[in-house]
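[1] attaching a predicted model along with its sequence, questions to come.
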Amino acid sequence: MKQLTAKEIRQSFLDFFASKGHHIVPSAPMVIKGDPTLMFTNAGMNQFKDVILGNAPVKYPRIADSQKCLRVSGKHNDLEEVGHDTYHHTMFEMLGNWSFGDYFKKEAIDWAWEYLVDNLGLNPAQLYATVFEGSPAEGLSRDDEAASYWAKYLPENHILEGNKKDNFWEMGDTGPCGPCSEIHIDIRPDDERIKTPGAALVNKDNPLVIEIWNLVFMQYNRKSDGSLDPLPNKVIDTGMGFERLCMALQGTKSNYDTDVFQPLIHAIADITGSKYGADKQRDIAMRVIADHVRTIAFSITDGQLPSNAKAGYVIRRILRRAVRYGYTFLERREAFMYRLLPVLIDTMGAAYPELAAQQELISKVMKEEEDAFLRTLETGIRLLDKKIEDSRTSGITVLDGADAFVLYDTYGFPLDLTELILRENGMSVDIETFNSEMQKQKERARNAAAVETGDWTVIRDGDTEFVGYDQTECETRILRYRLIKQKNKELYQIVLSQTPFYAEMGGQTGDSGWLIEVQASEVEGLQTNILDVKRENNLSVHIAAKLPTDPTATFTAKIDVAKRIRTECNHSATHLLHEALREVIGKHVEQKGSYVSPDTLRFDFSHYQKVTDEEIRRVEQIVNARIREDIALDERRHVPIAEAREMGAMALFGEKYGEDVRVVRFGSSIELCGGTHIPSTGRIGSMYVVGESSIAAGVRRIEAVTGEGAERLFYFVQDGIRELKAMFNNVPNLAATVRKSIEENAELKKQLAEYARERVAALKQQILARAEVRNGVKILIYKGNGNVDAFRDIAFQIKGEEPSNETVLFVAGITDGDKCGLVVMLSDALVADGFNAATLIKEGSKHIQGGGGGQPHFATAGGKNSDGVPTAVETIVKLVVSDVFKL
């Protein structure tokens, strides 16, 4: 049989399951938005989570796809394994097929065998299947049903039992779960397979006896008390590691030796002047970079830029890990990973065309991040060198783990590079303390994010109907509620049958408002404040500090209309802003993120240089002209995605769209959008930009205000100008007057600086004239008023003028208002004789109730006891003259 390429293998899977009646869907974005429990797609089932939980209808009972996934932690601590072994990755593709209430175990097992053996030609003798052994503690028996289906294809010694850890899949602490059946393949040489049966190596971390496919049979629902209820609609969820399948089919012993990775590895070798296979450490570095460059490129494509928070921090960490391996093991001192993009696009661009579409942005972001971290590495090395120098001076050979953690946490300097540099200098690091500091940080983060959720209390069945596009209040009933605890605060999550409340999504903040109980009598209804509304697993979850008195009652759900209108003004303005930016600075502008609330709007977009003041003014003029036109909102719901694109609607990279979408149009501005909007642009009032900045390479951010916010901005500016005019006697030309004042001030500063220089020169001459010699040391003393900076200059001038072989001590005791200070300078001869200015200053500062430090030849100190200045000066002089305070 002809060896298949990676592209052919991927397509064969989709074609096979299409022949079995499965609807083929595209990969969801790897970066997840709108799910507080996940930052990244880490399994193929993520995009079907709402369907599995019953929060979205089943549109297609059979589905298959190839899903791009990202894992950086978990069962195998994937990030630290990546590059060191042959089969772990950060970004990987998962081939999967699903059944939602349609077929179950028999078909899933039959088709898995048919695809692997009959279609792809894998050797059945190399295959093993695991089944759940059961759990008496939970009343779960062995999965005999799955075992019986496998028995049609495999001998008994190839059907293995697995424990709950390996063969019972759970979505989380609560929710759908069930037994699973893993398919493993033994790709060791024949002689090794004869010597040691593969059954003994399944799930034993052998790199050549590996899991390739997991068939999950969801048949239970886990409740918060740990008990299990049967699922009314059983689900099949399978996931096959694409890269591992390629390894098995292409006859290699490593995922990295397949055509998925080899083009990248060859490119890395060419760029770095390396040869893959010649050196273990360099091979690891090349594998790390080949893996990580895929993760970084796909994350940026899906809208997640590297940053210092949440998902952005994960991507930055992965990028920096790759840079560090290139720096340490491939001697790369300049950015190079961005140069691998054309190779990545050549290997994966056909399956994922968004890579080529976003190539320029990905390249610019990667290069800027690489350059920035290379600078960080240089800074970290300088800081570490200083620590090494200080440790040597003190005779210490072990670096404090807390110092290593500061380098890691604050400066992004990796521990293994710290260890490498320390070894080269005959030192080591206190790993135990470092790990302790790391654990403290993790606990802080875990405690901050910890949320305890109770079981849903179901009052009645049903789905939520959102009526907020058309209504600001409606009659409703509570479907379910639950208690959550976060940061020692109790809140309730409430799901309604009908709601006008918009749940936070797509950059628009959630509504707030009230649930008002409709009383049987005509007295005023009881009221529950709705603090916020979030979207969780496709549910609109209303958050309240307390439950209504009677959750079974009928309510009026009413939003805070004033807040909604302000939010809608800002949201509609972002659409006008987007279009105006494309008109003024170019069609390359694409939305990269947004935030709209009642008070402000923020719009992130692709652009590779600062937006000039003139361009911002032109954008404001266009937006405000369209506001004055009072263009009516043209909103169309349930439009087929293809038809929406034909209308010219802009779709955003990294967003997951269904087959039917909502189109929002204001004149020539047409966008796919699920948010709420103002009925016509005139209601916005006006829009003005208050900030423009860079948030990443090739991505700019504009912040603006509308309506009442624009009014407040106008009043703020107006009041400021009025106040400035008053300061300058209401002159007619304020700008010219202020400019003249600044120029006069600059001239006066110049004159003051010249006067200060003359005074310093005069003071220096006075000090030199009063020089005295004690015990062979030339003593220069000043005691009086002044400031430390002036006497620092005098000290260095004297040091530069005195012969280097002369023993000179300069001490200044300075009083400056209610503060005081000391300055000490030693000539090179005194330093060579064993004296240290930093040590002397510490002794002197005791008399002024202060402290300080410095270098062997120069030091300063500050204090608050001016009366002690004469004693401090004399103490320092005596320590030098007496010749007993050498170090």
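    Arrived safely, thanks for sending.
[2] which stretches of the stretch 201-350 of the chain form helices?
    Under the criterion DSSP state H, counting those that start in this stretch, helices of the stretch 201-350 of the chain are mapped to 242-250, 262-272, 280-301, 310-329, 341-348.
[3] what comes up buried for the second one?
    In terms of neighbour count (16 or more other Cβ atoms under 10 Å), helix 262-272 has its buried residues at 262-265, 267-269, 271-272. Heads up, the C-betas are built off the backbone N, CA and C, glycines and all.
[4] residue 29 contacts residue 39, correct?
    No: under the criterion of Cβ atoms under 8 Å, residue 29 is not in contact with residue 39, lying 11.6 Å apart.
[5] higher neighbour count, those two?
    Taking neighbours as other Cβ atoms under 10 Å, residue 29 and residue 39 compare with residue 29 leading, 23 against 19.
[6] what helix or strand does that one sit in?
    Using DSSP states H and E, residue 29 maps to neither a helix nor a strand.
[7] and for it, nearest residue in space, chain neighbours not counted?
    residue 302 (4.0 Å; Cβ to Cβ, 6 or more residues apart in numbering).
[8] what about that neighbour, neighbour count?
    Neighbours around residue 302, by other Cβ under 10 Å: 26.
[9] quick check: it touching residue 30?
    Yes: assessed by Cβ under 8 Å, residue 302 is found in contact with residue 30 at 5.1 Å.
[10] name the residues contacting each of these two.
    Contact criterion Cβ atoms under 8 Å, 6 or more residues apart in numbering; no residue bridges residue 302 and residue 30 by contacting each.
[11] name the element the residue nearest to residue 828 when sequence neighbours are not counted belongs to?
    Counting by Cβ to Cβ, 6+ apart, the nearest residue to residue 828 once its immediate chain neighbours are dropped is residue 804, at 5.0 Å. Counting by DSSP H and E, there is no helix or strand that carries residue 804.
[12] show me what contacts residue 804?
    Counting by Cβ under 8 Å, 6+ apart, residue 804 touches 827-829.
[13] looking at the residues you listed, which is nearest residue 612?
    Nearest to residue 612 among the contacts of residue 804, counting by Cβ to Cβ, is residue 828 at 53.4 Å.
[14] that closest one touches residue 857, doesn't it?
    Yes: assessed by Cβ under 8 Å, residue 828 is found in contact with residue 857 at 7.0 Å.
[15] surely residue 684 touches residue 707?
    Yes: shown here, residue 684 and residue 707 form a contact pair, counting by Cβ under 8 Å, at 6.1 Å.
[16] and for the two, which residues touch both?
    residue 569.
[17] between those two, which one's more packed in?
    Using other Cβ under 10 Å, the more surrounded residue of residue 684 and residue 707 is residue 684, with 25 against 21.
[18] how far away is that one from residue 601?
    For residue 684, the distance to residue 601 equals 10 Å [Cβ to Cβ, to the nearest Å].
[19] so how far is residue 533 from the residue nearest the centre of the chain?
    Centrality entry for the chain: nearest residue to the mean C-alpha point is residue 312, 1.8 Å, by Cα atoms, centre = their mean. Note on residue 312: its distance to residue 533, by Cβ to Cβ, is 25 Å.
[20] now residue 561
    Noted for residue 561: a distance of 15 Å to residue 533, by Cβ to Cβ.
[21] more crowded one of the two?
    Legend: neighbour count by other Cβ under 10 Å for residue 561 and residue 533, higher for residue 533 (25 against 13).
[22] hmm, residue 501 and the more buried one touching each other?
    Yes: with contact defined as Cβ under 8 Å, residue 533 counts as touching residue 501 (4.5 Å).
[23] overlap in contacts of the two?
    In contact with both residue 533 and residue 501: 510-511, 540, 542, using Cβ under 8 Å, 6+ apart.
[24] going by distance to residue 185, which of those residues wins?
    Among the shared contacts of residue 533 and residue 501, and counting by Cβ to Cβ, the member closest to residue 185 is residue 540, at 44.7 Å.
[25] spit out the contact partners of the closest one.
    Contacts of residue 540 (Cβ under 8 Å, 6+ apart): 464, 466, 495-496, 499, 501, 503, 533-534.
[26] what's the answer for residue 329, then?
    Counting by Cβ under 8 Å, 6+ apart, residue 329 has contacts 281-282, 284-285.
[27] so how far is residue 206 from it?
    According to Cβ to Cβ, residue 329 stands 26 Å off from residue 206.
[28] which of the contacts of residue 804 ranks first by neighbour count?
    Counting neighbours by other Cβ under 10 Å, residue 827 leads these with 23 neighbours.
[29] for that one, which non-adjacent residue is closest in space?
    With sequence-adjacent residues excluded and distances taken as Cβ to Cβ, 6+ apart, residue 827 is closest to residue 808, at 4.0 Å.
[30] unless I'm mixing things up, the one you found is touching residue 774, no?
    No: under the criterion of Cβ under 8 Å, residue 808 makes no contact with residue 774, lying 11.8 Å away.
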